[in-house]
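> I would like to see how this sequence folds:
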Amino acid sequence: MERLLLGPPVRIQPYFGYRSRHRLVIGARALRATKPGFEKGGRWQATRTMLTQFASREAMDVLVTLEVSGPDGLLLRHEQHTDAEGYVRFDLPLDPGWDLPPEPAWEVVALRWANREGPQCVEGHVLAPGSNARLAVISDIDDTIIETGITGGFRAIARNWRRILAELPEDRIAAPGADAFYGALGGGQLLPAGERRPGMRVPATHRPFFYVSSSPWNLFSYLVAFMRSKNLPLGPLMLRDWGFDRATLGSSSHGAHKLAAIEEVLTMYPDLRFALIGDDTQGDLPAYAEAVRHHRGRVAAVFIRTSAGEQLRPEEVHARAEIEAAGVPLWLGESYAVGEQFLRAIGFTPGGETEQIVQTVEQAKA
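Residues are numbered from 1 along each chain as shown. Next comes the predicted model:
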């Protein structure tokens with residue numbers, strides 16, 4: 001039971017969920033913390049806001065009720081308690097199968113719990129890739145669209161503490177050309193604000209996006225705010241729970257997490273092909289080569305943003321050769337000034353749409 005004088009009342013932070021015809025997944029976390037706000041207020045205010053994100057107080061054994069509207073309009077309820085770290089994860093079989101909407105959409109769900117102020121409810125969003133969708137995107141976050149400076153563990157945090165703790169999302173600089181390239185690749189619109197009820201659908205980007213990152217779940221709200229501020233496509237974020245050990249801070253753990261997340265998405269959507277976008281700082285190239293090897297024909301293209309003046313490591317050279325040998329289009333470059341041939345390989349039709357994206361990216365370079 002929650003007692004008085006324990007700080008802010010328990011709130012639930014929902015994470016973006018996703019579903020197929022046969023399965024629905026959504027996670028959340030119970031925290032004793034106020035809802036994060038990233039309004040301008042000077043460096044001290046920014047630092048204070050970011051410190052509260054890392055110094056989270058989790059609430060265990062909180063009963064959370066998920067409300068989902070079924071195809072027949074009936075409200076379905078599922079209950080779980082949060083674990084020792086405050087997490088709850090609903091992984092629900094949908095039997096019989098629930099049809100997907102024709103085009104990608106966010107489906108609204110509700111999460112309910114009680115704290116010392118009484119019954120509470122928060123809106124959650126589940127991405128349903130459209131039945132007409134043929135191509136989706138799996139993208140890295142760290143140093144692919146934003147230089148987080150935290151994926152190397154404590155040493156990286158020590159080197160980059162000013163950027164991590166003193167810059168709000170809208171102050172951060174996206175990778176050059178990322179907003180234009182990702183926006184054109186995704187198409188459609190961002191998830192608009194506003195209250196909704198379970199069962200409502202909100203249009204998503206034309207191509208479903210999934211993000212994989214070694215950043216901690218504490219940064220979920222920060223990363224979503226960054227994406228919104230840069231007009232980047234929104235999609236489920238697959239982050240990590242950071243522990244103070246080698247299992248989560250070692251470099252090998254980044255690749256293992258990334259591979260597990262990619263495997264989850266590709267297995268969830270056997271009818272979709274995927275463009276994989278990453279960089280050369282966290283083992284993305286070897287991870288993507290493994291995805292190509294294990295899922296023949298499922299990877300439409302691989303895009304790797306490289307660091308200026310950096311040479312590929314031996315394992316990356318091997319991964320590049322493996323991807324190319326499989327016949328998967330591979331692009332390596334320092335910016336998102338992609339060529340028309342690569343965009344066609346991802347699945348864009350010749351002519352109008354491809355030319356429009358090339359033009360958009362070229363304008364972003366100017």
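> distance check, L232 against E85.
Between L232 and E85 the computed distance is 28 Å (CB to CB, to the nearest Å). (Glycine included, C-beta is placed from N, CA and C.)
> give the helix, strand or coil label for V122.
strand (DSSP: H, G, I helix; E, B strand; the rest coil).
> do the one 5 residues further on as well
Classification of L127 using three-state DSSP returns strand.
> out of L232 and E85, which sits in the busier spot?
Using other CB atoms under 10 Å, the more surrounded residue of L232 and E85 is L232, with 26 against 14.
> mind listing the strands for the stretch 101-250 of the chain?
For the stretch 101-250 of the chain, applying DSSP state E, counting those that start in this stretch gives strands covering 105-115, 118-128, 135-140, 201-203, 209-216, 237-240.
> looking at those, which is closest to F274?
Set against F274 and scored by CB to CB, the strands of the stretch 101-250 of the chain come closest in strand 135-140, at 5.3 Å.
> now that closest one: how far from the chain's centre is it?
Centroid displacement of strand 135-140 relative to its chain, using CA atoms, centre = their mean, to the nearest Å, is 10 Å.
> tell me what it is packed against?
On a contact count with 3 or more CB pairs under 8 Å, 6 or more residues apart in numbering; DSSP states H and E, strand 135-140 meets helix 178-186, strand 209-216, helix 251-268, strand 273-279.
> tell me which residues of that strand come out buried.
Residues of strand 135-140 classed as buried by neighbour count (16 or more other CB atoms under 10 Å): 135-140.
> same question for stretch 307-323.
Under the neighbour-count criterion of 16+ other CB under 10 Å, stretch 307-323 has 316, 319-320, 322-323 buried.
> same question, stretch 98-114
Buried-residue list, stretch 98-114, by 16+ other CB under 10 Å: 98, 100-101, 103-113.
> run the chain-centre distance for that stretch.
With CA atoms, centre = their mean, you get 17 Å for stretch 98-114.
> adding mean pLDDT and distance to G37, write the strands of the stretch 101-250 of the chain out as a markdown table.
Formatted as a markdown table, the strands of the stretch 101-250 of the chain follow (pLDDT from 0 to 100; distance: least, CB to CB, whole Å):
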| stretch | mean pLDDT | distance to G37 |
| --- | --- | --- |
| strand 105-115 | 97 | 19 |
| strand 118-128 | 97 | 16 |
| strand 135-140 | 94 | 26 |
| strand 201-203 | 92 | 23 |
| strand 209-216 | 91 | 19 |
| strand 237-240 | 94 | 19 |
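> closest one to G70 among the ones you listed?
strand 105-115 (11.0 Å).
> what does that closest one rub up against?
2, 9-12, 14, 17, 19, 26, 28, 30, 62-69, 119-128, 130, 191, 196-204 (CB atoms under 8 Å, 6 or more residues apart in numbering).
> out of the buried residues of stretch 98-114, what pair is the most spread apart?
It's E103 and W113 that sit farthest apart of the buried residues of stretch 98-114, by CB to CB, at 32.4 Å.
> thinking again about what came up before, so can I have a markdown table of the helices and strands packed on strand 135-140 showing distance to L312 and mean neighbour count?
Below are those laid out as a markdown table (distance: least, CB to CB, whole Å; neighbours: other CB atoms under 10 Å):
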| stretch | distance to L312 | mean neighbour count |
| --- | --- | --- |
| helix 178-186 | 21 | 22 |
| strand 209-216 | 20 | 25 |
| helix 251-268 | 16 | 17 |
| strand 273-279 | 12 | 24 |
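> redo those as JSON lines? Include distance to A300.
Below are the helices and strands packed on strand 135-140 laid out as JSON lines (distance: least, CB to CB, whole Å):
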{"stretch": "helix 178-186", "distance to A300": "12"}
{"stretch": "strand 209-216", "distance to A300": "14"}
{"stretch": "helix 251-268", "distance to A300": "12"}
{"stretch": "strand 273-279", "distance to A300": "4"}
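> wait, which of these is closest to E170?
Of all the helices and strands packed on strand 135-140, it is helix 178-186 that lies closest to E170, at 12.4 Å by CB to CB.
> just give me how far the closest one sits from the chain centre.
The answer for helix 178-186 is 15 Å, by CA atoms, centre = their mean.
> for that helix, name the packing helices and strands.
Using 3+ CB pairs under 8 Å, 6+ apart, helix 178-186 sits against strand 135-140, helix 352-365.
> these: lowest mean pLDDT?
Among the helices and strands packed on helix 178-186, helix 352-365 carries the lowest mean pLDDT, a mean of 52.
> contacting residues around the closest residue to D284 other than its chain neighbours?
Spatial nearest neighbour of D284, excluding adjacent residues (CB to CB, 6 or more residues apart in numbering): G278 at 3.0 Å. In this structure, G278 makes contact with 139-140, 144, 284-285, 287-288, 302-305, judged by CB under 8 Å, 6+ apart.
> of these, the lowest pLDDT goes to which?
Lowest confidence among the contacts of G278: T144, with 82.
> quick one, what contacts G73?
Going by CB under 8 Å, 6+ apart, G73 touches G199.
> that one in helix, strand or coil?
For G73, the secondary-structure state derived from three-state DSSP is coil.
> where does the prediction get shaky in the chain?
1-6, 38-46, 147-166, 173, 188-189, 193-194, 242-254, 308-309, 337-366 (pLDDT under 70).
> and the residue nearest the centre of it?
Residue closest to the mean C-alpha point of the chain, counted by CA atoms, centre = their mean, is L237 at 2.3 Å.
> shouldn't that residue be in contact with F220?
Yes. Using CB atoms under 8 Å, L237 is in contact with F220, at 6.1 Å.
> which neighbours do those two have in common?
With CB under 8 Å, 6+ apart, L237 and F220 have common neighbours Y15.
> strand partners (parallel or antiparallel) of the helix or strand harbouring F90?
According to DSSP states H and E, F90 maps onto strand 87-93. Applying DSSP bridges, strand 87-93 is found paired with strand 23-31 (antiparallel).
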